[in-house]
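Peer 1: Next comes the sequence, and after it the predicted model I'd like to discuss.
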2 protein chains.
Amino acid sequence: MAEHNATAVTGSPMKKLKDGDDNGAAAAVNGGGNISSVIPGWFSEISPMWPGEAHSLKVEKILFQGKSDYQDVMVFQSATYGKVLVLDGVIQLTERDECAYQEMITHLPLCSIPNPKKVLVIGGGDGGVLREVARHSSVEHIDICEIDKMVVDVSKEYFPDVAVGYEDPRVTLHVGDGVAFLKAAQEGSYDAVIVDSSDPIGPAQELFEKPFFESVAKALRPGGVMCTQAESIWLHMHIIENIVANCRQIFKGSVNYAWTTVPTYPSGVIGFMVCSTEGPEVDFKNPINPIDEKENQNTSTPPLKFYNREIHAAAFCLPSFAKKVIESKTKN
Amino acid sequence: MAEHNATAVTGSPMKKLKDGDDNGAAAAVNGGGNISSVIPGWFSEISPMWPGEAHSLKVEKILFQGKSDYQDVMVFQSATYGKVLVLDGVIQLTERDECAYQEMITHLPLCSIPNPKKVLVIGGGDGGVLREVARHSSVEHIDICEIDKMVVDVSKEYFPDVAVGYEDPRVTLHVGDGVAFLKAAQEGSYDAVIVDSSDPIGPAQELFEKPFFESVAKALRPGGVMCTQAESIWLHMHIIENIVANCRQIFKGSVNYAWTTVPTYPSGVIGFMVCSTEGPEVDFKNPINPIDEKENQNTSTPPLKFYNREIHAAAFCLPSFAKKVIESKTKN
């Protein structure tokens, strides 16, 4: 999941519904300051990260509401997107479209290198990225560092098809700060680091800055790969521009931006920075480790829903307005 | 624009705002029956075509509201997407993201054939497709058949950068029914037909059925091409499945589904059926008429914002869940 930081919205109609028939939403998860109203019976996502627009989902039933040490956590049953995980008022995943995000953030890096063995996931507490990493039979060890144990517990309870990733015996869960974990990681020890992070405002800001990328690069073996959540080309080109410039300075191998469709994320798309360190060359645009074909031979794993070899290559093709900006930063 | 049919939503907060300070939305364009409430000061798009979800845009000012013989027409200034054209409560285009739709629906067909000369546009009253067709210097004649003159007039008044397409001397506007126009069209007379249509519920239903596709195929020269709006892979696979099956029966050349991102369309994506008639082979996935390179030499036309050769090819790469269904219908 992409752990965006934003402000949940609420209003009296929601509260009324919630008290009356357990059919409300959002009211109790309003962790921020921006109070607004919502369509009664609907969850609406409003944030300064995407001003002037909001996506709303009809709420059938609120299944969980809690406040962890780090954020407000909510799970609701939506009318048409299955169960939905919301952190600090922002949708992290829905059962209907989580496949697109989890499969792409995982297989873009892992299908681009031969025989990945040791993988680190930063964030990704729902377990979806783990589920996808586990499809790679070459992988021997998967570390995950998630700061919020409540996200892990809630995911195991309400999203078993996502949290199934924790069941793989190769997984070791570290509950703690990803920045500190990476600083302490053994140099050159990972084949891949996947950063399933929140937006670069608030607590996750560090995960988009140079020192963090330096830690990632240091923890990777030569020719090792990173894939990190990198916002929307429609909404956040100014942020992307900075991320690309930072990565270009740190990663001396290949530096690329890829993107995919996720209907319940703002603007309907989400991007990824996909980089490699100096060492054996990595050509991300032409995957050499075809999980989709391998996976067809393994009937014990449910099939991939989204990722395939063509969509991998296509993810690196950018609209002209984005290509122009990103290429100017990658070719400096 | 994709002329979706849906129900605008309204509520007393909107009316109050509108009466008070001209800052409301949607209320007066409620052409359907589903009355609901909206976030005050925001336009919300709710429809049985995408149940359980709604996208909302903050309204700065309503610029136009009218009722034509066919539909409710509204233009508003949004907070962050520029001016917005709404028909029967559904967003048709915004200044911020119209480029993605107009450029893709036009250049996917026109860049796939050599020297298109005669082009027909069905729908597309805003003029955006005309603007894009006009980039092709080989084109000698452009017919457009739009049923609703109010859409043409409103676009010329409020969206000059879109309606600029009408200024090209090669354009002939026919105000009338596209189905009838095509039936009367001379056999084999067009190189390309672009169908910028509404959703297959209500008046546009005919445009997704076999007799209409038969008329299109008949109006095209051998090896001529059609591109028609074909819904969202996330929301409408059942509709897409039927469209693909129908096209497969009618078009004896190439039958393909392509898609692109448009943030203000439901689920953030929209698809296109891209087909050719029997005749010289058309390989849509490898464009042979590179508008982006040609266009760089012509400084009088504003540059393409979205389309390029790579994004053209990438548009035909589908997520596995969609590929499976679409390939089963195209390879029968």
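Peer 2: It's in.

Peer 1: how close does A:Asp148 sit to A:Val154?
Peer 2: Distance, A:Asp148 to A:Val154, by C-beta to C-beta, to the nearest Å: 9 Å. C-beta: built from backbone N, CA, C; applies to glycine.

Peer 1: And these two? Which one has more around it.
Peer 2: Higher neighbour count among A:Asp148 and A:Val154: A:Val154, with 23 against 18, using other C-beta atoms under 10 Å in any protein chain shown.

Peer 1: which residues do A:Asp148 and A:Val154 both contact?
Peer 2: Common contacts of A:Asp148 and A:Val154, defined by C-beta atoms under 8 Å, 6 or more residues apart in numbering or on different chains, comprise A:Val73.

Peer 1: Find me the pLDDT at the closest residue to chain B within the stretch 201-332 of chain A, would you?
Peer 2: Residue of the stretch 201-332 of chain A nearest chain B, by C-beta to the nearest C-beta: A:Gly268 (1.5 Å). We have a pLDDT of 98 for A:Gly268.

Peer 1: Touching, A:Ser68 and A:Val152? I think so.
Peer 2: No - with contact defined as C-beta atoms under 8 Å, A:Ser68 does not reach A:Val152; the gap is 10.3 Å.

Peer 1: Tell me which of those two has more neighbours.
Peer 2: Legend: neighbour count by other C-beta under 10 Å for A:Ser68 and A:Val152, higher for A:Val152 (19 against 15).

Peer 1: Past the one helix or strand the more buried one maps to, which element shows up next along the chain?
Peer 2: Applying DSSP states H and E as the criterion places A:Val152 in helix A:149-158. Using DSSP H and E, the helix or strand that follows helix A:149-158 towards the C-terminus is helix A:160-163.

Peer 1: What is that next one packed up against?
Peer 2: With contacts taken as 3 or more C-beta pairs under 8 Å, 6 or more residues apart in numbering or on different chains; DSSP states H and E, helix A:160-163 sits against helix A:128-133, helix A:149-158.

Peer 1: Most tightly packed of those helices?
Peer 2: Among these, helix A:128-133 has the highest mean neighbour count (mean count of other C-beta atoms under 10 Å in any protein chain shown), at a mean of 27.

Peer 1: contacting residues around that helix?
Peer 2: Applying C-beta under 8 Å, 6+ apart, the contact partners of helix A:128-133 are A:1, A:93, A:98, A:101-103, A:105-107, A:110, A:119, A:121, A:124, A:139, A:142, A:144, A:162-166, A:168, A:171, A:194, A:196.

Peer 1: Name the next helix or strand downstream of the longest strand anywhere in chain A, please.
Peer 2: When chain A is scanned for its longest strand (criterion: DSSP state E), the result is strand A:53-67. For strand A:53-67, the succeeding helix or strand toward the C-terminus, using DSSP H and E, is strand A:72-78.

Peer 1: Tell me the strands beside that following strand, with direction?
Peer 2: Using DSSP bridges, strand A:72-78 pairs in its sheet with strand A:53-67 (antiparallel), strand A:83-87 (antiparallel).

Peer 1: Low-confidence regions, the stretch 201-332 of chain A specifically.
Peer 2: A:201-203, A:293-300, A:331-332 (pLDDT under 70).

Peer 1: hang on, A:Val225 in a strand?
Peer 2: Yes - counting by DSSP: H, G, I helix; E, B strand; the rest coil, A:Val225 is located in a strand.

Peer 1: which non-adjacent residue is nearest it?
Peer 2: A:Pro109 (4.3 Å; C-beta to C-beta, 6 or more residues apart in numbering or on different chains).

Peer 1: can you check A:Val164 too?
Peer 2: Nearest non-adjacent residue to A:Val164 (C-beta to C-beta, 6+ apart): A:Arg131, at 5.5 Å.

Peer 1: And what about the nearest residue to A:Lys183 once chain neighbours are set aside, helix, strand or coil?
Peer 2: Of all residues beyond its chain neighbours, the one nearest A:Lys183 is A:Ser215 (5.4 Å), with distances taken as C-beta to C-beta, 6+ apart. Per three-state DSSP, the secondary structure class of A:Ser215 is helix.

Peer 1: how many neighbours does A:Thr264 have?
Peer 2: Counted with other C-beta under 10 Å, A:Thr264 comes out at 24.

Peer 1: ignore the last one, A:Asn242
Peer 2: Residues within reach of A:Asn242, counting by other C-beta under 10 Å, total 16.

Peer 1: Helix or strand: which one has it?
Peer 2: Counting by DSSP H and E, the element that carries A:Asn242 is helix A:237-250.

Peer 1: Can you name the residues that contact A:Ile240?
Peer 2: A:Ala230, A:Glu231, A:Ile233, A:Tyr257, A:Gly271, A:Ala322, A:Val325, A:Ile326.

Peer 1: May I ask which of those residues has the most neighbours?
Peer 2: Counting by other C-beta under 10 Å, top hit in those: A:Glu231 with 28 neighbours.

Peer 1: if I pick the closest residue to it other than its chain neighbours, what's in contact with it?
Peer 2: Closest residue to A:Glu231 apart from its sequence neighbours, by C-beta to C-beta, 6+ apart: A:Ile239 at 5.3 Å. Counting by C-beta under 8 Å, 6+ apart, A:Ile239 touches A:Pro200, A:Phe208, A:Glu231.

Peer 1: re earlier: in the longest strand of chain A, which residues are buried?
Peer 2: Neighbour-count burial for strand A:53-67 flags A:Glu53, A:Ala54, A:His55, A:Ser56, A:Leu57, A:Lys58, A:Val59, A:Glu60, A:Ile62, A:Phe64, A:Gln65 (criterion: 16 or more other C-beta atoms under 10 Å in any protein chain shown).
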